[in-house]
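Chemist: Quick one, fold the following:
(2 chains)
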Number of protein chains: 2
Amino acid sequence: MKAEIITIGDEILLGQIVDTNSAWIAQELFAQQIQIQQITSITDTEDHILSALAEAGSRADIIICTGGLGPTKDDVTKFTAAKFFHTDLVFNQDVMDHVQQIFQRFNRTMPDINKGQAEVLANCEVLFNDWGTAPGMWVEHDQKVYIFLPGVPFEMKNLMTFRALPKLKDFQTEEKVVNKYILTVGIGESHLAEHIAEIENSFPDHVHLAYLPKIGLVRLRLTLTGKDIDTLEVEAEEWKNKLVERIGPAVVATEDVSFEEVIVRSFSDHKLTLATAESCTGGNISRLITEIPGSSKMFQGAVVSYANEVKEGVLGVSIETLKAHGAVSEETVIQMVNGVKQLLNVDYAIATSGIAGPDGGTPEKPVGTVWVAVAGKNEVKTKLFHFHHDRLINIERTTAQAFLMLWNLYQAELQN
Amino acid sequence: MKAEIITIGDEILLGQIVDTNSAWIAQELFAQQIQIQQITSITDTEDHILSALAEAGSRADIIICTGGLGPTKDDVTKFTAAKFFHTDLVFNQDVMDHVQQIFQRFNRTMPDINKGQAEVLANCEVLFNDWGTAPGMWVEHDQKVYIFLPGVPFEMKNLMTFRALPKLKDFQTEEKVVNKYILTVGIGESHLAEHIAEIENSFPDHVHLAYLPKIGLVRLRLTLTGKDIDTLEVEAEEWKNKLVERIGPAVVATEDVSFEEVIVRSFSDHKLTLATAESCTGGNISRLITEIPGSSKMFQGAVVSYANEVKEGVLGVSIETLKAHGAVSEETVIQMVNGVKQLLNVDYAIATSGIAGPDGGTPEKPVGTVWVAVAGKNEVKTKLFHFHHDRLINIERTTAQAFLMLWNLYQAELQN
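Modeler: Numbering: from 1, shown residues only, chains lettered A, B, ... in the order given. Predicted coordinates:
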């Protein structure tokens, strides 16, 4: 069963928003053995929508369109879809009642413009939207399913979860796909590839390996396709185990989890606690940890010591150190990591201090200069990085390196 | 001048990564008056790549392909592009030398697999990649430009910035586009639309208004197209001013900035400082503030008080309060906000405490129960929210509401 996603609207095309909807939809469909083969982001013009619907319909069985269902003039999806299906929009009293209730719930009068929200495709089944005014619509046409959803992420997610996904369960695919994942850290993509070349070269045709590198880590995805899911599962496990054995200690997980999640789980299992003292990362490390469900078991908290007064007053970095070496220095970052470890009474701690940019650089410490420290049960490790000029990338790289340093220290201490 | 982006690889289609590359490319191109009209994410199979290249070439003048240029077996973009252009891959010694230098720089031996990285399209101009082993390639073919870039974000960004974008400056478009932005907070999309309907209805055909709603805010984008950019600029300013005047105090910015940036700038201008005490948001508010360049002028820091011991020990929330009312309570969040305001010695502070989920809910305080407090010069405001079950959405909504509460208190205090 092949699916495609069409996102309608200029925000993605202008780069104003990142298309997080499609990633979420893809994950959810994949869990039901429905594979997304194309995601297309298009302008909200009639011609473009018509041609995208036709092209997707020629390739896929399920077409999910998001966006352009709002009440305002720039929302043309519904009108265009009516043309595409050679059908009309019809007034639906149930939808109207529902939209009115939403406004009543917030004690607001409904602007007249929302009456149009009750007009739905004549050939659709309405997917009631309890979270907003734009109804979703489910259309079966020429043996394809077209699903129209609003682009607002939480409305889309709720409509998918409670309305569309249950209906999609009836769609079974003949070709089954099994994916297995291996997360490796601290080994480059090409070294990893050389290391496992012999195994990869022995794969039969229906086994495929993808390398998914990110800063400091490579995720491997093993994909097997065939008719019988149980056979595929067994075979996939065998290949996965061969790879894991060959790669050795660089493997940190054998399922599709983030590195942060690996850290959260492993710390929780070992009843260890963590805290961060963040200057240049501004809370990003803490944020990523706390996004993981269950992280409260091991994460005590963070001090974002953006100002020097906070480094000094809360974390106990000495004025002399700040004066003599500056906030971005090995001495400071060591005092930060020890300070937060003591203050929040944890087993492990991370500290970052650097010049994220675009301003604040000096000839001795240009933008991109970053110190990271990690403290464990017995030891403190520090590292100096020279990144580049992009603020967000510097934050991202510092974060990735901090996790890697934490993991390495943690692993070393586990073994002692 | 119309452009399209093709991203190649299964990660986006499986929902494992969010396509941040395309948003970034779109922004950069738009700044050079090149409009992205379609973004297409496809599988890394030969057929799909060939058809996507052909389709994009039939619609656009500039086609930017990212992904699938690595050294491993799953990277087929280069080989497929050679087929598409009916050309060959040729060995390029300069690229080879460069790849070898990269490995030398890190004192590593180059795995043989990387020799293939020196094979480039015979009809291309090489875009040297100083940040990785995969060279970019620039191909002019049938009066179209095809640009091939690696998918690793920082390599792609550097190649675009230093290699491709300077070359694209030579491509001038006949139709000019001017966009103006208005950021509004605290007013719903449909109310806003009704309020400005009269102005919107009087737009001539070449003026278009888009509503870009997010939680708690609506961004308006006014787009004018025509031949003369100076005339368009003047006209766009006039329409923008009319809208701003009509909308009134809900307007917080008249350019394309985030709400966080508005807050950072305004606080900096008024020499006011801010800190946060975050429980359920886990540092997300702090992270968003510190992502803004120059935020160090007004942001002192944050305490992520994930554990109750931190609420108590660092922020000074009383044990009695925690025992009597719990961590997720108005009483606690008030003590948190006052505690961080005093500890970090700031003018304004935000505090959050809630049950983000998926676990931790009780009948009285189900998942999604969130208290937010903001403290200003003279006042503390609190608000209780009942969100839903998705952890990440709960964090996002809490964050958005906290910024809105901060802004409202700040505006009220400015006027007194």
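
Chemist: for chain A, longest helix please?
Modeler: Secondary structure assigned by DSSP state H gives helix A:391-415 as the longest helix of chain A.

Chemist: so what's residue A:280 up against?
Modeler: Neighbouring residues of residue A:280 by Cβ atoms under 8 Å, 6 or more residues apart in numbering or on different chains: A:328, A:352-356, A:370, A:394-395, A:398. The way it works is simple: take the backbone N, C-alpha and C, and place the C-beta from them, glycine included.

Chemist: between those residues, which is closest to chain B?
Modeler: Closest approach to chain B among these (Cβ to the nearest Cβ): residue A:395, at 6.9 Å.

Chemist: any idea how far residue B:153 is from the closest one?
Modeler: 13 Å (Cβ to Cβ, to the nearest Å).

Chemist: more crowded one of these two?
Modeler: More crowded of residue A:395 and residue B:153, by other Cβ atoms under 10 Å in any protein chain shown: residue A:395, with 26 against 19.

Chemist: Quick one: residues contacting that one.
Modeler: By Cβ under 8 Å, 6+ apart, the neighbours of residue A:395 are A:280-282, A:284, A:356, B:290-291.

Chemist: likewise residue A:386?
Modeler: Neighbours of residue A:386 in contact, by Cβ under 8 Å, 6+ apart: A:366, A:368-370.

Chemist: What's the ChimeraX syntax to select whichever of the residues you listed are buried?
Modeler: In ChimeraX, a selection of the buried entries from the contacts of residue A:386 looks like this (16 or more other Cβ atoms under 10 Å in any protein chain shown):
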select /A:368,369,370
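
Chemist: which among the contacts of residue A:386 gets closest to residue A:75?
Modeler: Nearest to residue A:75 among the contacts of residue A:386, counting by Cβ to Cβ, is residue A:368 at 43.2 Å.

Chemist: isn't the closest one right next to residue A:388, touching?
Modeler: Yes - counting by Cβ atoms under 8 Å, residue A:368 does reach residue A:388; the two are 5.1 Å apart.

Chemist: Report the set of residues contacting both of these two.
Modeler: Counting by Cβ under 8 Å, 6+ apart, the common neighbours of residue A:368 and residue A:388 are residue A:394.

Chemist: nearest to residue A:335, of the contacts of residue A:386?
Modeler: residue A:370 (16.3 Å).

Chemist: would the closest one count as being in a strand?
Modeler: Yes - assigned with DSSP: H, G, I helix; E, B strand; the rest coil, residue A:370 falls within a strand.

Chemist: correct me, but it touches residue A:396?
Modeler: No - contact between residue A:370 and residue A:396 fails when scored by Cβ under 8 Å: they sit 11.5 Å apart.

Chemist: Could you break chain A into its assigned domains?
Modeler: A:2-168, A:176-253, A:259-415 (automatic domain parsing).

Chemist: Please produce CSV containing the ones you listed, extended by mean pLDDT and distance to residue B:179.
Modeler: Formatted as CSV, these follow (pLDDT from 0 to 100; distance: least, Cβ to Cβ, whole Å):
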stretch, mean pLDDT, distance to residue B:179
domain A:2-168, 92, 8
domain A:176-253, 92, 33
domain A:259-415, 95, 22
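
Chemist: Would you mind finding the most buried of the ones you listed?
Modeler: domain A:259-415 (a mean of 21; mean count of other Cβ atoms under 10 Å in any protein chain shown).

Chemist: Where does residue A:213 sit: helix, strand or coil?
Modeler: strand.

Chemist: Tell me how far the residue nearest to it when sequence neighbours are not counted lies from residue A:113.
Modeler: Closest residue to residue A:213 apart from its sequence neighbours, by Cβ to Cβ, 6 or more residues apart in numbering or on different chains: residue A:189 at 4.6 Å. Residue A:189 sits 52 Å away from residue A:113, going by Cβ to Cβ.

Chemist: contact partners of the helix or strand where residue A:29 lies?
Modeler: Element membership of residue A:29 [criterion: DSSP states H and E] is helix A:20-31. The contact list for helix A:20-31 (Cβ under 8 Å, 6+ apart) reads A:3, A:5, A:7, A:35-36, A:39, A:62, A:64, A:66, A:151, A:153, A:156-157, A:160-161, A:165, A:168, B:12-19, B:41.

Chemist: cool, and stretch A:89-100?
Modeler: Under Cβ under 8 Å, 6+ apart, the answer for stretch A:89-100 is A:78-79, A:82, A:110, A:114-115, A:117-122, A:126, A:128-130, A:133, A:135.

Chemist: Keep only those of these that are in helices.
Modeler: A:78-79, A:82.

Chemist: which one of those residues is nearest residue B:266?
Modeler: Distances from the ones in helices among the contacts of stretch A:89-100 to residue B:266 were compared by Cβ to Cβ; the smallest belongs to residue A:78, at 38.8 Å.

Chemist: ok, now which ones touch the closest one?
Modeler: Residues near residue A:78 by Cβ under 8 Å, 6+ apart: A:68-69, A:89, A:119-121, A:137, A:148.

Chemist: Show me the strands in the stretch 251-400 of chain A, by range?
Modeler: A:251-253, A:274-278, A:299-305, A:348-354, A:369-375, A:380-386 (DSSP state E, counting those that start in this stretch).

Chemist: any idea which residue of chain A is furthest from its center?
Modeler: residue A:320 (41.9 Å; Cα atoms, centre = their mean).

Chemist: follow-up on the earlier one: mind checking which of the contacts of helix A:20-31 land in helices?
Modeler: Using DSSP H, the members of those that fall in helices are A:153, A:156-157, A:165, A:168, B:12-13.

Chemist: Isn't residue A:34 up against residue A:62?
Modeler: Yes - between residue A:34 and residue A:62 there is a contact under Cβ under 8 Å: 6.5 Å.

Chemist: Overlap in contacts, these two.
Modeler: Residues touching both residue A:34 and residue A:62 (Cβ under 8 Å, 6+ apart): A:1-3, A:168, A:171.
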